[in-house]
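Asks: Compute the structure for the input listed below.
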Amino acid sequence: MILHGLYQDLRTVYGSILHILPAYPDESVYIRTSGDLTDQVASGLVAGLWNGNVSKYATHAEPSQIDGLAPSYTCAYAKELQSEAQSVEAWYQHLNASLPLQQKLDSILNTTDDSAWHVSWDHFYDSFSARLCNGHPLPCQYGNKNNCVSMEMADGAFRVMSLRTLLTI
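Replies: Predicted coordinates:
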């Protein structure tokens, strides 16, 4: 599976290092969204974290009226927490460590001057995961089918996106 390394990383960090991930969950796993796609991703995550036992554990989504993942209101406290997370040394180390990968992807995808691709790794993640989940090849540089995003680069983008998400939660 494409995200096997990510699941392994998450199990290591949250299970072995921080000791907050149980060896196996109780009967249910709760996720923080009302979206069907996220529910499917959560089911995949459960399978990855707990060795393919997805059918054994139910996932439950919040009702759309209380979905806090994409709120339609401002939250000063959340912005304060995000600013605080992004002011620590680990954030800058993360940015510096991911810069070479971002530059490689920019050169292939011609996104160097597109600021939307540099606010977060969402665009890279969405583009690569959508292609891979639907059986399509990773993108190539326009006009050069020999210069394409490799699976190693996509895996790197998935890991960077996951780390950024964890650092800003």
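Asks: Show me the shaky parts of the chain.
Replies: 1-6, 26-44, 51-74, 119, 163-169 (pLDDT under 70).
Asks: Quick check: buried residues in stretch 12-23?
Replies: By 16 or more other C-beta atoms under 10 Å, the buried positions in stretch 12-23 come out as Leu21. Glycine gets a C-beta too; all of them are placed from N, C-alpha and C.
Asks: first to last residue in it, what's the distance?
Replies: Distance across stretch 12-23, first residue to last, is 11 Å (C-alpha to C-alpha, to the nearest Å).
Asks: hmm, who's touching that stretch?
Replies: The contact list for stretch 12-23, computed with C-beta atoms under 8 Å, 6 or more residues apart in numbering, reads 10-11, 49.
Asks: By residue count, what's the longest helix in the protein?
Replies: Counting by DSSP state H, the longest helix found in the chain is helix 89-109.
Asks: Packing partners of the very next helix or strand once past that helix?
Replies: Where DSSP states H and E defines the elements, the next helix or strand beyond helix 89-109 is helix 116-119. Applying 3 or more C-beta pairs under 8 Å, 6 or more residues apart in numbering; DSSP states H and E, one finds that helix 116-119 makes contact with helix 89-109, helix 122-133.
Asks: picking that back up, hey, what's the angle from the longest helix of the chain to helix 122-133? Just curious.
Replies: Interaxial angle, helix 89-109 versus helix 122-133 (axes from the mean of the first three to the mean of the last three C-alpha atoms, to 10 degrees): 60 degrees.
Asks: If we go by neighbour counts, what in helix 89-109 is buried?
Replies: 91, 94, 98, 101-102, 105-106, 108-109.
Asks: quick one: which of those residues is nearest to Ala130?
Replies: Each of those was scored against Ala130 by C-beta to C-beta, and Leu109 proved nearest at 14.0 Å.
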